[in-house]
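Colleague: Okay, predicted coordinates and the sequence, questions at the end:
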Amino acid sequence: MFNDFFGKFFGRQGSKETAKKRLKFALVYDKLEISDDLLNDLQRDVVEVISKYFEIDTAAMKLDIKRSDDLSALVLNTPILSAKRR
Amino acid sequence: MEGKIIVVTSGKGGVGKTTATACIGAAMAMQGKKVVVIDMDIGLRNLDVVMGLENRIVFNIVDVARGRCKINQAAIKDRRIDNLFLIPASQSDNKDSLSPDDIIRLSKGLRSRFDFIFMDCPAGIERGFENAVAAADEALVVCTPEVSSVRDADRIIGLLYAKSITPKLIVNRIVPEMVARGDMLSHEDVVEVLSIDLIGLVKMDDRVVVATNTGMPLVLQKDSEAGNAFHRIAQRLNGQPNLPIVNPNDAKGFWRSLGRKLRRKN
């Protein structure tokens, strides 16, 4: 009781503020995680769209998520064999 | 009228799903509805012991799904509370013994026999979860005010949304003294993080352990705060969605602690 009072008086934060901050961070971070299935599906769809405009080497194509501290990026790398004549 | 199927789930284990299922089911039956609670934790059944019906098991949910018995034969009638039935899980099979299609097939017969069907979902997000939510109309997510439980609840809520179910939240095992001193997430914090609607707040209550020890339904004990909270949750599910949610951190605790302080001085 005495401790509680002085804790509040001197602005001591309970551990729940830490819990809340960590929780919010964890939830954001969890949602950035991308499953292999999703990435494979995306690659299939992207190949389909690009193939409408270019001949590409589908075997050499790479689709990746690059992560750094403050951002994550979708990186697509594919050799173009030729543009399609329309 | 067709019965409603409500799944009680959480993601994390040990947060009070089974107790919540037993209590809400029993409370609903006490309000005059015909209720069945179904243990979907195949291989690790416990709803039967929590309800004190473990000595009366003949058939289980896997038997029903396999056509070895009828729903009425597997549903154990509670002798203390009218209109309350339990279909236990099988203890010898595993989660793969049932499929979501099995449950969807059974749901028709369940809806025609009962007003409310409560599915006690196992922990996890695998087959057991898929089975328990397969035929659900509504979902209750149980979580405790702890980081691990809230994180798992968030995951489960996402999976339920993907199945077009908008769940409601029960915050269980609230310790008002810890909330007051800032050492436990308040239900407001939990709701803010999860951003879903609340359907009930349940205080930590020693009587839950006693009720589980004896197999006596908690909701039959008139002075159990947790029991009363589960009664109100059942009322909200049973046509009174706007029944005010009692905040366990409120005035009562304040006056009580003031009383305690005064007594100590005298």
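Modeller: Arrived safely.
Colleague: Residue numbers of the stretch 1-150 of chain B in contact with chain A?
Modeller: Taking C-beta under 8 Å from any C-beta of the partner chain as the criterion, the stretch 1-150 of chain B approaches chain A at residues B:Glu146, B:Val147, B:Val150. All C-beta atoms are positioned from the backbone trio N, CA, C, and that covers glycine.
Colleague: Tell me the most packed of those, by neighbour count.
Modeller: Most neighbours among those, by other C-beta atoms under 10 Å in any protein chain shown: B:Val150, with 27 neighbours.
Colleague: Report pLDDT for that one.
Modeller: pLDDT for B:Val150: 98.
Colleague: That one in helix, strand or coil?
Modeller: helix (DSSP: H, G, I helix; E, B strand; the rest coil).
Colleague: out of everything not next to it in sequence, what's closest to B:Pro100?
Modeller: In space, and not counting its chain neighbours, B:Pro100 is closest to B:Ala134: 3.6 Å by C-beta to C-beta, 6 or more residues apart in numbering or on different chains.
Colleague: Please tell me I have it right and the one you found contacts B:Ile104.
Modeller: Yes: between B:Ala134 and B:Ile104 there is a contact under C-beta atoms under 8 Å: 5.4 Å.
Colleague: These two: which is more packed in?
Modeller: Neighbour totals were compared for B:Ala134 and B:Ile104, and B:Ala134 leads with 22 against 12 (other C-beta under 10 Å).
Colleague: just so I have it, where are all the strands in chain A?
Modeller: All strands of chain A, identified by DSSP state E, fall at A:54-56, A:62-67, A:72-77, A:80-83.
Colleague: List of residues touching the second one?
Modeller: In this structure, residues lying in contact with strand A:62-67 by C-beta atoms under 8 Å, 6 or more residues apart in numbering or on different chains are A:32, A:34, A:39, A:42-43, A:46, A:72-78.
Colleague: okay, the angle between that strand and strand A:72-77?
Modeller: 160 degrees (axes from the mean of the first three to the mean of the last three C-alpha atoms, to 10 degrees).
Colleague: from the middle of its chain, how far away would strand A:62-67 be?
Modeller: Centroid separation for strand A:62-67 versus its chain: 9 Å, with C-alpha atoms, centre = their mean, to the nearest Å.
Colleague: Check the burial of whichever residue of chain A sits closest to chain B by counting its neighbours.
Modeller: The nearest approach of chain A to chain B comes at A:Gly14, 2.2 Å away (C-beta to the nearest C-beta). By other C-beta under 10 Å, 18 other residues sit near A:Gly14.
Colleague: before we move on, what about B:Ala89?
Modeller: B:Ala89 has 26 nearby residues by other C-beta under 10 Å.
Colleague: buried ones in the lengthiest helix in chain A?
Modeller: The helix that spans the most residues within chain A, counting by DSSP state H, is helix A:15-32. By 16 or more other C-beta atoms under 10 Å in any protein chain shown, the buried positions in helix A:15-32 come out as A:Lys16, A:Ala19, A:Lys20, A:Leu23, A:Ala26, A:Leu27.
Colleague: So for that helix, mean pLDDT?
Modeller: Rounded mean pLDDT across helix A:15-32 is 92.
Colleague: which residues sit against it?
Modeller: A:67, A:72, B:146-147, B:150-151, B:154-155, B:179, B:182-186, B:189, B:193.
Colleague: thinking again about what came up before, for the closest residue to the residue of chain A closest to chain B other than its chain neighbours, what are phi and psi?
Modeller: Excluding its sequence neighbours, the residue lying closest to A:Gly14 (C-beta to C-beta, 6+ apart) is B:Gly182, at 2.2 Å. Backbone torsions of B:Gly182, given as degrees, to the nearest 10, read phi 80, psi 20.
Colleague: who touches B:Gly182 in this structure?
Modeller: Counted by C-beta under 8 Å, 6+ apart, B:Gly182 has contacts A:Gly7, A:Gln13, A:Gly14, A:Ser15, A:Lys16, A:Glu17.
Colleague: Can you tell me how far the residue most central in space within chain A is from A:Ala73?
Modeller: The centroid of chain A falls nearest to A:Leu32 when counting by C-alpha atoms, centre = their mean (3.5 Å). According to C-beta to C-beta, to the nearest Å, A:Leu32 and A:Ala73 sit 11 Å apart.
Colleague: Hmm, A:Leu76 is touching A:Val46, no?
Modeller: Yes: using C-beta under 8 Å, A:Leu76 is in contact with A:Val46, at 6.6 Å.
Colleague: quick one: which of the two has more around it?
Modeller: A:Val46 (16 against 12).
Colleague: For the more buried one, list the residues it contacts.
Modeller: By C-beta under 8 Å, 6+ apart, the neighbours of A:Val46 are A:Leu63, A:Leu76.
Colleague: at 10 Å instead, please
Modeller: By C-beta atoms under 10 Å, 6 or more residues apart in numbering or on different chains, A:Val46 lies in contact with A:Ile56, A:Met61, A:Leu63, A:Leu74, A:Leu76, A:Thr78.
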